[in-house]
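J.: Sequence isn't available, so here's the structure alone:
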């Protein structure tokens, strides 16, 4: 867009920057004060720190990591996030390929069912899910939360991979079929390599979702040995919000955000694609 | 006979592609869905299977003021949908007006979307505390009169939660809108500009109508959040307090199930949330059909 020239244009530019700067400040300030407080000495802390400390300390990070068990929680969150994303992505890849390459009775209905279940949130099924997992003897064991997250992620993962594989040139599969390639070879040698960007996006978005989730691990991984970062924060937060503990809590919150910041810095394009692609549909 | 057998064999081989995924969806989503509806008509508890009680659970909920408080709070949080859409439309308009350095702002506004709700709720527990940074800032700016116990005052706590939800949501909404904006044919905008229309008129009359689909999608995401994902905000920011003023349906369900062990009653709350989710599901299937994905 060409903008009006002269002083009116300059004024408009100043107004635009002013508006966006104010909004950016509102968006960033809470995370800024989180970082500032996380480096404060707990004993000096008196309720709020707006400017960086003159004597910053890493003591809070050491304390939450070793004394409050964030080291173990970090491992648990990582296990939950990566394994449920891996299960969801690989099962979804097979299912998406099936939906693209197979024609069978009830296919449309099944696909509509998958799309409909994308809208079902964990909270709606958490009551029977906790009962089922108890009956299966899986509560407080690794598979419960991993399978639950994977199952909740699957409809989204199938949908994303289906829309991608569906747009692959069908001639590739047909040519392979003429050459006598089995479905299995078509899947491993054509569909999977070509769908690599979509697989990466599905895996990343799934991993972030599972890393961030609170409800499922809170209910299914109640044992202290299986506490995730989010559960740890939820249990510590409200009970330890006293002034002295703010720096500790902020160090804990920072630790829970860092891996996401790293993932985003490394794979911004793939993550954004996943968020927007769901949106373009 | 042989043809039928071959067809069955083919179907069985085909099913192998779908079966693992569908089995897991069945175990985690479909089977619990059936159960939750069924249990909502019983007086089941964690310890007893219970008996069929008709619509007694629903009647009990509808006559409970806490249920109505919770529903009202969900509706308050639903205000984040129009609010975030309006803000994001304005931001997108400003960004595309020909601003230098727009990407930096876009990134800054997106940052709050990244952390988990649990992480940022803990941060806001501090930010919104009585002696926290927000009140300190207000006092430093000479507006100490505006300082509030944001999360512990019954009248304003849910509005504070709304502020946090909105804070977290705007970035994603801007991201969705700018992505759509980038794919709008620039010549459409330029043609309107040549006709002498100012930027905002061009934007509202040419660009925004082209963004209808993505606006609907953003509204759907917000709707899902307001009726499905308020649990993590509430359990950390207020725990339903003060004086049960900030219960939402999700938090009510959690408390009924895991504190009071009232499985039947909790299931009835879940059915209300399911009704909201099914509205979204219907919309999803409808739009997938329209896009010829089905």
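T.: On my side now, so go ahead. Please read all numbers here as calculations on a predicted model, not as lab measurements. Numbering: from 1, shown residues only, chains lettered A, B, ... in the order given.

J.: per-residue confidence averaged over stretch B:114-130?
T.: The pLDDT scores in stretch B:114-130 average 91.

J.: Which residues in it does the neighbour count mark as buried?
T.: For stretch B:114-130, burial by neighbour count (16 or more other C-beta atoms under 10 Å in any protein chain shown) applies to B:114-129. In short, each C-beta sits where N, CA and C put it, glycine included.

J.: any low-confidence regions in chain B?
T.: Counting by pLDDT under 70, chain B shows low-confidence ranges at B:1-3, B:6-7, B:10-11, B:196, B:294.

J.: Can you name the residues that contact the spatially most central residue of it?
T.: The centroid of chain B falls nearest to residue B:225 when counting by C-alpha atoms, centre = their mean (1.0 Å). Residues near residue B:225 by C-beta atoms under 8 Å, 6 or more residues apart in numbering or on different chains: B:77, B:80, B:165, B:169.

J.: can I assume the second one is in contact with residue B:169?
T.: Put plainly, it is residue B:80. Yes - with contact defined as C-beta atoms under 8 Å, residue B:80 counts as touching residue B:169 (5.8 Å).

J.: list residues touching both of the two?
T.: Joint contacts of residue B:80 and residue B:169 (C-beta under 8 Å, 6+ apart) are B:222, B:225.

J.: would CSV of the contacts of residue B:225 with neighbour count, distance to chain A and secondary structure be doable?
T.: Formatted as CSV, those follow (neighbours: other C-beta atoms under 10 Å in any protein chain shown; distance: C-beta to the nearest C-beta, whole Å; DSSP: H, G, I helix; E, B strand; the rest coil):
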residue, neighbour count, distance to chain A, secondary structure
B:77, 26, 14, helix
B:80, 24, 15, helix
B:165, 24, 13, helix
B:169, 23, 11, helix
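
J.: quick one on the thing from earlier: report the two members of the buried residues of stretch B:114-130 separated by the largest distance.
T.: Spanning the widest gap among those are B:114 and B:129, at 23.3 Å by C-beta to C-beta.

J.: Over to residue B:42: give its phi and psi.
T.: phi -120, psi 170 (degrees, to the nearest 10).

J.: what's the closest residue to chain A within the stretch 1-150 of chain B in contact with, if anything?
T.: Residue nearest to chain A within the stretch 1-150 of chain B: residue B:28 (2.6 Å; C-beta to the nearest C-beta). Residue B:28 sits next to A:125, A:129, A:147-148, A:150-152, A:154 when contact means C-beta under 8 Å, 6+ apart.

J.: if you take the average position of chain A, which residue is closest to it?
T.: Ranked by distance to the mean C-alpha position of chain A (C-alpha atoms, centre = their mean), the top residue is residue A:208 at 1.6 Å.

J.: And that residue, how far from residue A:259?
T.: Distance check for residue A:208 against residue A:259: by C-beta to C-beta, to the nearest Å, it reads 9 Å.

J.: And residue A:59, by the same measure?
T.: 22 Å.

J.: any idea of the mean pLDDT for the helix or strand encompassing residue A:152?
T.: Element membership of residue A:152 [criterion: DSSP states H and E] is helix A:142-166. Averaged across helix A:142-166, the pLDDT comes to 93.

J.: What residues sit buried inside that helix?
T.: By neighbour count on 16+ other C-beta under 10 Å, the buried set for helix A:142-166 is A:144-165.

J.: How about residue B:284: what's its closest non-neighbour residue?
T.: Excluding its sequence neighbours, the residue lying closest to residue B:284 (C-beta to C-beta, 6 or more residues apart in numbering or on different chains) is residue A:115, at 5.2 Å.

J.: How about the contacts made by that neighbour?
T.: Counted by C-beta under 8 Å, 6+ apart, residue A:115 has contacts A:155, A:159, B:281, B:284-285, B:288, B:293-294.

J.: I'd guess it is in a helix, am I close?
T.: Yes - counting by DSSP: H, G, I helix; E, B strand; the rest coil, residue A:115 is found in a helix.

J.: So for it, what's the pLDDT?
T.: pLDDT for residue A:115: 86.

J.: how near is it to residue B:69?
T.: 34 Å.

J.: Please apply the same query to residue A:259.
T.: According to C-beta to C-beta, residue A:259 and residue B:69 sit 37 Å apart.
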